[in-house]
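K.L.:
With the input below, show me the fold.
(one chain, ligands or ions: 1)
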Amino acid sequence: MSSKCTSIKMTDRNGDLSFINQKATQWRDIPQKEIHYAPKEETIFLSGGLTLLQDKLVEAALNSMSINFTALPNPDFESFQKGKAFGNRGQCNPTYFTVGNLVKYLQNLRDETGLSAEEIVEKYVYITAGGCGPCRFGMYITEYKKALRDAGFEGFRLTSFEHDKGIFQGDDIDEEILNFTPKFFITLIKAVIIGDIINLLTYKMRPYEIEKGSVDKAVTQCKEIVSKAFLEHRSLIKAMWKCRSMLSQVKLNRLQPKAKVMVMGEFWAAMTEGDGNYNLHRFLEAEGAECIPQPITNRLMLSIWEAEQALYKTENLYIESSKKVDFSNVKTRLLIKIGKAAVKTHFALYAKAIGLHDYDIPNMEKLAALAKEYYTLDCSGGEGHLEVAHLIESVKHNLSHLVISIKPFGCMPSSAVSDGVQSLVTNRYPEANFLSIETSGEGAANFYSRVQMALFKAKQLAKEEFERIEVPEYIPEKVHNYLYQPLSTKAGTAAQLIETL
Ligand code: SF4
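P.N.:
Reported below is the predicted structural model:
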């Protein structure tokens, strides 16, 4: 940022005023020592922090574009501790987990491969999403830089694309190193969408598997099939079709009346599959529940919706002030429409190929309409109005027996704003079984105990719902096939299957 000031007013200890002339300059975070970074062909890109499957699919997708990319391992409790040790105080725990995870990876690389910290700095680059806004998300890059410097990796390169405004590159990265081209994003988004679809099926199937571990085994095979298709530039639709036969071999018993739990909340806390949310999804499954996860595609659709809203506002402002229609945004509007249609089409094609029939990408207009009475739609940051919308939607359409909103300790949009509003929502919808819960990276026993309490009620609801349905004498084998996904008014899977026979 440049400054127009050319002099600074100073007072000495006697209170006399003096002026120091200062030339306006661009501030840059430049390492103290000059670093000779490796050329593009020798540079290794790192990233991570999505679901386990998506990190690996993204790795294959980017490798297929000749980008030397490695997905970091899933952030764990040790990552969190490193984040706390090297980060600033008062950050939210996705920052600690993700920043600490990078520090941990680089330290292990240094200690296990014999590479010096200088060699690592010269050779590696970290890719992350960034952005500005009302929450700490805008400070992630600064946090990475601070922690890396303090951990002995000063000058380590970071590059970031804004989650809501398109793309920009960090000011310390050579533009030739990585081009965020449309092809880069399209390939990345394909990997994310496919990962979402397989994850949705995994969570639908795993609670009902007869042989423990069989769903995870089939999903590992799917991961290999899709990764190979990316690397060999083959049809991803055909790859998803092949995955269908892998999943079809898994034997299920779907007539167990299990509590269905919608897991939503702050994006990272709700999505991660590890210590970052105390392995919430696995914990729920072990306790006899079925989870509805939040696909990353939903967050993508929210970003597109926010971009569209911002455009409307700018255009209306122009009309109000100049009484003329502004045509300069036609291209942006068109790009948004194309982007939205492309995401929906790809999702539908891949979902159909693998056999996910009963899931549609959420309609952002409908969700906004549900939330707007409670939550100012202009108030962005975090998931914005989505948490409120998801709870109302779940109650109105009987989607689950319990809604868990998970958020990092002290998360501004999620804990401070959404949860305040949710108390009004639960007051208006007393039938909602809702649990808002924070993660701090510590205090797992308290966390699990609160989840168990809410789950107890959800299990009762699932059992009662099932018992109210008349079970026919003959049950066709198709009910146990994951491809049978009838539409139903019931929340529980077993009740849905029986109701529609
Ligand atoms: S949404 Fe919450 S947890 Fe996520 S970056 Fe913002 S403040 Fe942190």
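
K.L.:
I'd like the distance between the residue lying closest to Tyr482 once chain neighbours are set aside and Pro486.
P.N.:
Closest residue to Tyr482 apart from its sequence neighbours, by Cβ to Cβ, 6 or more residues apart in numbering: Met205 at 5.3 Å. Using the backbone N, CA and C atoms, a C-beta is placed for each residue, glycine as well. Distance, Met205 to Pro486, using Cβ to Cβ, to the nearest Å: 16 Å.

K.L.:
quick one, what contacts the residue of the stretch 251-400 of the chain found nearest the ligand?
P.N.:
Sorted by distance to the ligand under Cβ to the nearest ligand atom, the residues of the stretch 251-400 of the chain start with Gly382, at 3.3 Å. Contacts here follow Cβ atoms under 8 Å, 6 or more residues apart in numbering; on that basis Gly382 touches 135, 137, 266-267, 411-414, 417-418.

K.L.:
what about the stretch 401-501 of the chain, any weak spots by pLDDT?
P.N.:
441 (pLDDT under 70).

K.L.:
same check, this time on the stretch 151-300 of the chain
P.N.:
Ranges of the stretch 151-300 of the chain meeting pLDDT under 70: 162-176.

K.L.:
For the helix or strand where Leu370 lies, list the C-alpha coordinates in PDB.
P.N.:
Secondary structure assignment for Leu370, by DSSP states H and E: helix 364-371. Output of helix 364-371 as PDB, limited to C-alpha atoms (Å, rounded to 0.1, in the frame of the first residue of the first chain):
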ATOM      1  CA  MET A 364     -28.600 -20.500  -2.800                       C
ATOM      2  CA  GLU A 365     -31.600 -18.300  -3.600                       C
ATOM      3  CA  LYS A 366     -33.900 -20.600  -1.500                       C
ATOM      4  CA  LEU A 367     -31.500 -20.700   1.400                       C
ATOM      5  CA  ALA A 368     -31.200 -16.900   1.400                       C
ATOM      6  CA  ALA A 369     -35.000 -16.600   1.400                       C
ATOM      7  CA  LEU A 370     -35.200 -18.900   4.400                       C
ATOM      8  CA  ALA A 371     -32.500 -17.000   6.300                       C
END
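
K.L.:
The spatially closest residue to the residue of the stretch 251-400 of the chain closest to the ligand that is not a sequence neighbour and Ser380: what is the separation?
P.N.:
Spatial nearest neighbour of Gly382, excluding adjacent residues (Cβ to Cβ, 6+ apart): Pro413 at 2.8 Å. Separation of Pro413 from Ser380 (Cβ to Cβ): 8 Å.

K.L.:
repeat for Ile186
P.N.:
Separation of Ile186 from Ser380 (Cβ to Cβ) stands at 25 Å.

K.L.:
what about the two, which has more around it?
P.N.:
Ser380 (19 against 13; other Cβ atoms under 10 Å).

K.L.:
before we move on, the earlier item: mind listing what the residue nearest to Gly382 touches?
P.N.:
If you count contacts by Cβ under 8 Å, 6+ apart, Pro413 has them with 134-135, 266, 381-384.

K.L.:
now do Cys92
P.N.:
135-136, 408-411.

K.L.:
Tell me the buried residues within those residues.
P.N.:
Those of these that meet the buried threshold are 135-136, 408, 411, by 16 or more other Cβ atoms under 10 Å.

K.L.:
interface residues of this structure facing the ligand?
P.N.:
92, 94, 135-137, 266, 382, 408, 411-414 (Cβ under 6 Å from any ligand atom).

K.L.:
again, 5 Å this time
P.N.:
92, 135-137, 266, 382, 408, 411-413 (Cβ under 5 Å from any ligand atom).

K.L.:
Can you get me a residue count around the residue nearest to Phe409 when sequence neighbours are not counted?
P.N.:
Spatial nearest neighbour of Phe409, excluding adjacent residues (Cβ to Cβ, 6+ apart): Ser440 at 3.8 Å. Residues near Ser440, counting by other Cβ under 10 Å, number 15.
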